[in-house]
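Trainee: Predicted model, plus sequence, below.
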Amino acid sequence: MSTLPRSWHPRDQRLVMALGFLGTLYHNRKDDADAERTFEEQLKVAEEVYGEGSPKICPMLQTLARFYLERGDAPRAESFAQQELTLAEKNAGNDNFSYSIGLMSVGYVYLTEKQYAKAEPYIQKAANIHEQLTGPQRMILVSSKQMLCTVYDGLSQTDKAEPCYRQLLPLMEQVYGANSQALAPVLTGESQALRALGRTAEADDVDRRMQSLQPVAPGQLPRMVPTY
């Protein structure tokens with residue numbers, strides 16, 4: 001049965017938003033059957049309203065990718081993430097912010113499935129794009145760098161993980177401050193990488209810095225594999 005109010009015209013962008021809110025409500029209630037149907041219907045309506053090739057479809061594709069990934073359906077999650085990436089590239093090219101979000105969507109699917117080798121090229125390319133950004137948009141580099149460091153850890157590529165954490169640290173400091181406990185996961189990653197590389201004295205310095213960090217509220221602590 002359709003979840004759309006009968007009095008609303010199918011080509012009304014208000015429906016796209018309403019279905020998104022409704023799908024999220026079902027999902028939060030763990031009513032996955034209704035959530036799935038509603039998110040799929042949202043995509044269908046969005047294609048009718050905006051056109052199948054519109055970049056405005058990308059958020060719905062990302063929502064479905066995340067939804068199926070949470071349900072453990074990696075193939076469907078990957079399919080929607082790849083569709084998002086293809087659509088972003090078609091509309092905006094392959095060297096801009098929109099395209100980088102598509103790259104992160106695909107990379108996040110592989111990262112969550114611990115397919116680190118598959119995740120690396122997508123996340124690396126996204127991080128490269130983010131490094132060229134300026135202004136507020138550049139802060140998304142925190143997310144892509146966090147994901148990239150996690151990939152290097154997963155691949156046991158310590159020689160890449162150490163500089164990744166080192167480059168991530170000043171970005172985190174801009175967000176949380178130089179003495180915030182929120183930096184602990186990054187410092188831990190760098191310390192472990194330094195020890196694996198035999199750079200014990202540097203690792204000891206990092207450990208001493210961790211001991212001096214100030215506590216923060218639990219809700220302020222960052223995730224090492226973030227959303228974006």
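Mentor: Thanks, I have it.

Trainee: buried stuff in stretch 86-93?
Mentor: Judged by neighbour count (16 or more other C-beta atoms under 10 Å), stretch 86-93 contains these buried residues: 87, 88, 89, 91, 92. The way it works is simple: take the backbone N, C-alpha and C, and place the C-beta from them, glycine included.

Trainee: tell me the mean pLDDT for the strand or helix carrying the third one?
Mentor: Spelled out, it's residue 89. In this assignment (DSSP states H and E), residue 89 forms part of helix 74-92. The average pLDDT within helix 74-92 is 94.

Trainee: would residue 94 count as being in a helix?
Mentor: No. Going by DSSP: H, G, I helix; E, B strand; the rest coil, the assignment for residue 94 is coil, not a helix.

Trainee: hmm, back to that, chain center to the helix holding residue 89, what's the gap?
Mentor: Put simply, helix 74-92 sits 14 Å off its chain's centre (C-alpha atoms, centre = their mean, to the nearest Å).

Trainee: residues in contact with that helix?
Mentor: Applying C-beta atoms under 8 Å, 6 or more residues apart in numbering, the contact partners of helix 74-92 are 53-55, 57-58, 61-62, 64-69, 98-99, 101-103, 105-106, 108-110, 112-113.

Trainee: Can I have the buried ones of the residues you listed as a PyMOL selection?
Mentor: A single PyMOL command selects the buried members of the contacts of helix 74-92 (16+ other C-beta under 10 Å):
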select buried, resi 57+58+61+62+64+65+66+67+68+69+98+99+101+102+103+105+106+108+109+110+112
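
Trainee: and residue 120, backbone torsions?
Mentor: Here the main-chain torsion angles of residue 120 (degrees, to the nearest 10) amount to phi -50, psi -50.

Trainee: Quick check, it in contact with residue 155.
Mentor: Yes. Residue 120 is in contact with residue 155 according to C-beta atoms under 8 Å; the separation is 7.1 Å.

Trainee: So between those two, which is more surrounded?
Mentor: Set residue 120 next to residue 155 and count neighbours by other C-beta atoms under 10 Å: residue 120 wins out with 21 against 14.

Trainee: confidence score at that one?
Mentor: In this prediction, residue 120 has a pLDDT value of 98.

Trainee: Skipping its backbone neighbours, what lies nearest it in space?
Mentor: Nearest-residue entry for residue 120: residue 151, 5.0 Å, with adjacent residues in sequence omitted and distances by C-beta to C-beta, 6 or more residues apart in numbering.
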